[in-house]
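>>> fold the following and give me the result.
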Amino acid sequence: MRVAIVHEWLTNYAGSERVLEQMIKCFPQADLFSLVDHIEVGNRQFLGGKESQSTFIQHLPFSKKHFRNYLSLFPLAVQQLDLTGYDLVLSSSHCVAKGVVTNPDQMHICMCYSPVRYAWDLQHEYLNERGIRRGIRSAIARMILYRLRLWDTSSSNGVDEFIAISNFVSRRIKKAYRRTSTIIYPPVAVDDFPFNVDKEDFYLAASRQVPYKRIPLIVEAFRNMPNRKLVVIGDGPDSAAVTKAAAGVENVKIMGYQEFDVLRDYMSRAKGFVFAALEDFGIIPLEAQACGTPVIAYGKGGAFETISGLEAENPTGVLFNEQSVESIVAAIELFESNRDLISPDACRENAQKYAPERFRTEFTDLVKRILK
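Predicted coordinates for the structure are as follows:
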C-alpha cells in the first residue's frame, strides 16, 4: 500500500509536528508532502529521515520567513500536489492540507487540528490583533478570508474520514463542515519531562508570546498579587506587551526564550503552571502535569478536557471561567487554599494517558478499521 502524508508547512517543531512525527512512525513507508519545507538539516530528526515534496510557495520571494503572506495562494498550491498512485492519503491539517485532490479509489483521512481558525470563529480576533479592522487592508483581508471559507467548506467534501484532536475541535468540524469526526488526542512526550514532587515557591507561564496566549493578562494578575512569584518563559510578537505589563513588578521574572532543558527544569520545580489561552488542545499544560505540576487554566477548549478540576476525584489543577485578571487572581487563591487536594502523582498519571504509544495505537487501529 502506497501512503502519502500531507502536512501544512514544515518550519519548526511544534504541536502539529509532534503529531506528524508519530504519524510517520505509524507509516514509515509514507512519502511526505508540504506547502513549504524550511526545516534546517540539523533539526529534521522528527521526520525520520524523510525529505518532503513542496509546492511553488517554497520558491516565492521571502517564503522562508514570510510564507504566510501567500495565504491567498495556499488552496491553489496544495491542489497542485500530485498524489496519483497513492492508496492512502493522510492529511495533517489546520489550514489547507486537507484540500489535496484525490480520486474515488483513494482513501483520504484527515487529522484535523481545527478548521481554519482565522477564517471561521476567530476571524474578528485575527483582524483586531493585526490592526486591520477598518480600511482598504481590512476589506482585502475580509475578502480573502471569505473566499477561504468557501474553499474550506467545499474541500472538506474530499475527506473520507475526519479525526479531531479534541471534543472542542470535533464541535468546530461539525459546525463548519457538517461532518462527524473521531477524537484522537495528540501525543505528549511524557517521558521527556522529569517527575518532581519537590516544588518551589513560584508559578510558571510559558508559551510562544502571541496575543491569544494572554501572557500579559497573566502578568497583570500577578501585579495584583505581590506576594506570589511568577516566572515567564518565551518570546514572540507579543513580547513587548509582556515586558510592558511587567514593568516595575518585582514579583515577576521575564526570562524570554530559553532552551528546552531550562524550560523543563522550571516546569518541574514550579508549584503551579498558569495557562490563559483558549486552545484547541494544548500540549504544554499536559507537559507540566507530566512533571507533577498542577495547572491553573482557562476552563474552555482543550484545557477543559485535559485538566481535572477540584471537583474531580483526583484533581490536577484549577479551572477559571473568564480570561480576566480577576478570574486568574481568584483561581490562584483557590489553588493556594486547596493545594493539598492536588497530588503530583495524580498530575503525572493524568499526563500518562496521552503518551505517544497511546496515540500510535489509536491512530493505526482507526486507519485499519476504515480500510477494511
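>>> please tell me how far I24 sits from G48.
As judged by C-beta to C-beta, to the nearest Å, I24 and G48 stand 5 Å apart. Placement of C-beta: from N, CA and C, glycine included.
>>> after whichever strand or helix holds A346 comes which helix or strand?
Element membership of A346, judged by DSSP states H and E, is helix 344-352. Counting by DSSP H and E, the element after helix 344-352 in chain order, helix or strand, is helix 356-371.
>>> now do the contacts for the closest residue to A30 other than its chain neighbours.
Spatial nearest neighbour of A30, chain neighbours left out: V3 (4.0 Å); criterion: C-beta to C-beta, 6 or more residues apart in numbering. Residues in contact with V3 (C-beta atoms under 8 Å, 6 or more residues apart in numbering) are F27, Q29, A30, D31, Y86, D87, L88, V89, L90.
>>> list the beta-bridge partners for V3.
Legend: beta-bridge partners of V3 under DSSP bridges are L88.
>>> can you give me the pLDDT of it?
Turning to V3, the model gives it a pLDDT of 97.
>>> same check on I144?
83.
>>> that one: neighbour count?
By the criterion of other C-beta atoms under 10 Å, I144 has 13 neighbours.
>>> how about it, secondary structure?
Following DSSP: H, G, I helix; E, B strand; the rest coil, we place I144 in the helix state.
>>> shouldn't it be in contact with L73?
No: using C-beta atoms under 8 Å, I144 makes no contact with L73, being 10.3 Å away.
>>> who are the packing partners of the helix or strand of the chain with the lowest mean pLDDT?
Across the helices and strands of the chain, mean pLDDT, DSSP states H and E gives its lowest value to helix 123-129, namely a mean of 73. Helix 123-129 is packed against helix 136-155, with contacts defined by 3 or more C-beta pairs under 8 Å, 6 or more residues apart in numbering; DSSP states H and E.
>>> buried ones in the helix it packs on?
Across helix 136-155, burial judged by 16 or more other C-beta atoms under 10 Å covers A141, L145, L148, R149, W151, D152, S155.
>>> now do stretch 64-84
Within stretch 64-84, the residues scored as buried using 16+ other C-beta under 10 Å are F67, Y70, L71, L73, F74, P75, A77, V78, L81, L83.
>>> farthest pair in these?
L71 and L83 (22.2 Å; C-beta to C-beta).
>>> which ones are touching P211?
Neighbouring residues of P211 by C-beta under 8 Å, 6+ apart: E125, E129, P237, D238, A241.
>>> from N69, how far off is it?
As for P211, its distance to N69 is 19 Å (criterion: C-beta to C-beta).
>>> for F273, same thing?
Taking C-beta to C-beta as the criterion, F273 is separated from N69 by 34 Å.
>>> compare I24 and G48 (neighbour count), which wins?
Comparing I24 with G48 by neighbour count (other C-beta under 10 Å), the higher total belongs to I24, at 21 against 13.
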